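Asker: Kindly return the folded structure for what I paste below:
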Amino acid sequence: MTSEVEVVARLRAAGCVFAEEEAVLLLAHAADGGLDVPALDALVARRCAGEPLELVVGWASFAGLRVTVAPGVFVPRRRTELLVAVVDGLLQARAAQVPPVVVDLCCGTGALAAAVAARWPHAQVQAADVDPAAVACARRNVPLVHEGDLFDALPGALRGRVDVLVANAPYVPSHAIATMPTEARDHEALVALDGGADGLDLQRRIAADVAGWLAPGGYVVVETSPRQASTSARLLREAGLAVRTARDDERDGTAVVGRRTPGSA
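Answerer: Residues are numbered from 1 along each chain as shown. Just a heads-up that it's a prediction; the model follows:
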């Protein structure tokens, strides 16, 4: 049987920074699945060839959950857990809304929607994405997922009723895609990464239309980067929303939060 020491050595030789932790996960995955030595060796080979560990084992750890992932679909990052924490706080403040309506736009695997649903089981949680592969994957994590371009994907009955809309829309500038880690460039769809010339094309479109979808006093939470945060905030402010920025240094996460105020719809 391939030993942990052998797996660690192979991963380390391939340049895996967290070889010890990854070896434990790969061995546990093989044991749970009843895989034999050749099958385990094949998994290790895939990882050594640069395939993301999450795709090799079929899931990603996110906000305390195991989220199903799939080839070509954006793998949830730890920094995005900040958005879950922000949504938690917003829903606590809107506890009188029973059940609250939450939408995960540009959902990818549906990780955000799944995390919110796990914490707020009484909430009406829906998700949407333009990529059919992402929609198919998200439906393995969240019951209600719509396919379409941003708000065009959502049922019209949600207009003016969304308590919290959360979005991790692509925000990498087109010219910076080439500098991303190869795991992302080679294994995630370009539509899940490319945010246009300055990275904020999708955020502009979200900001332009979001107020009409929010309930009175409803919120939109958008992931961004520290460098782009001031522009992200300005886009929501110009849409008539009251805006603040949230930052989590431990997770290296940044988000802008907009609230629908009178006259912003």
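
Asker: Could I get the contacting residues of Thr245?
Answerer: Taking Cβ atoms under 8 Å, 6 or more residues apart in numbering, we find Thr245 in contact with 229, 233, 254-257. In this view, the C-beta of every residue, glycine as well, is placed from N, C-alpha and C.

Asker: Any idea how many residues pack against the residue lying closest to Arg140 once chain neighbours are set aside?
Answerer: Once flanking residues are discounted, Arg140 sits nearest to Thr68: 4.5 Å by Cβ to Cβ, 6 or more residues apart in numbering. Residues contacting Thr68 under the criterion other Cβ atoms under 10 Å number 19.

Asker: Give me the distance between Thr68 and Ser61.
Answerer: 12 Å (Cβ to Cβ, to the nearest Å).

Asker: Could you look up the SS state of the most centrally placed residue in the chain?
Answerer: The centre of the chain sits closest to Pro76, judged by Cα atoms, centre = their mean, with a distance of 4.6 Å. Secondary structure for Pro76, judged by DSSP: H, G, I helix; E, B strand; the rest coil, is coil.

Asker: and it, what does it touch?
Answerer: 60, 62, 67, 69, 108-109, 111-112.

Asker: Those: which two are farthest apart?
Answerer: Val69 and Leu112 (13.9 Å; Cβ to Cβ).

Asker: Of these two, which one has the most company?
Answerer: Set side by side, Val69 and Leu112 show more neighbours around Leu112, with 34 against 26, by other Cβ under 10 Å.

Asker: hang on, isn't the more buried one packed against Glu81?
Answerer: No. Using Cβ atoms under 8 Å, Leu112 is not in contact with Glu81; the gap is 9.2 Å.

Asker: returning to what we had before: would you turn the contacts of Thr245 into JSON lines with distance to Leu25?
Answerer: Supplementary listing: the contacts of Thr245 in JSON lines, determined by distance: Cβ to Cβ, whole Å:
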{"residue": "Ala229", "distance to Leu25": "33"}
{"residue": "Ala233", "distance to Leu25": "38"}
{"residue": "Thr254", "distance to Leu25": "28"}
{"residue": "Ala255", "distance to Leu25": "28"}
{"residue": "Val256", "distance to Leu25": "34"}
{"residue": "Val257", "distance to Leu25": "34"}
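
Asker: which ones among these are found in strands?
Answerer: Secondary structure from DSSP state E places 254-257 of the contacts of Thr245 in strands.

Asker: Pipe those into JSON lines and attach neighbour count per row.
Answerer: Formatted as JSON lines, the ones in strands among the contacts of Thr245 follow (neighbours: other Cβ atoms under 10 Å):
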{"residue": "Thr254", "neighbour count": "22"}
{"residue": "Ala255", "neighbour count": "25"}
{"residue": "Val256", "neighbour count": "27"}
{"residue": "Val257", "neighbour count": "23"}
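
Asker: Would you tell me which strand is longest in the chain?
Answerer: Assigned via DSSP E, the chain shows its longest strand as strand 214-224.

Asker: packing partners for that strand?
Answerer: Contact here means 3 or more Cβ pairs under 8 Å, 6 or more residues apart in numbering; DSSP states H and E; on that basis strand 214-224 packs against helix 81-93, strand 162-167, helix 201-209, helix 229-238, strand 253-259.

Asker: Go through those and pick out the most buried.
Answerer: strand 162-167 (a mean of 26; mean count of other Cβ atoms under 10 Å).

Asker: List the strands paired with that one, with their directions.
Answerer: strand 101-105 (parallel), strand 214-224 (parallel) (DSSP bridges).

Asker: Give me the contact list for that strand.
Answerer: With Cβ under 8 Å, 6+ apart as the criterion, strand 162-167 contacts 83, 86-87, 90-91, 94, 97, 100-106, 112, 116, 202-203, 206, 210, 213-215, 218-223.

Asker: With stretch 202-213 instead?
Answerer: 103, 105-106, 150-151, 154, 158-162, 165, 167, 169-171, 195-196, 220, 222, 224, 232, 235-236, 238-241, 258, 260, 264-265.
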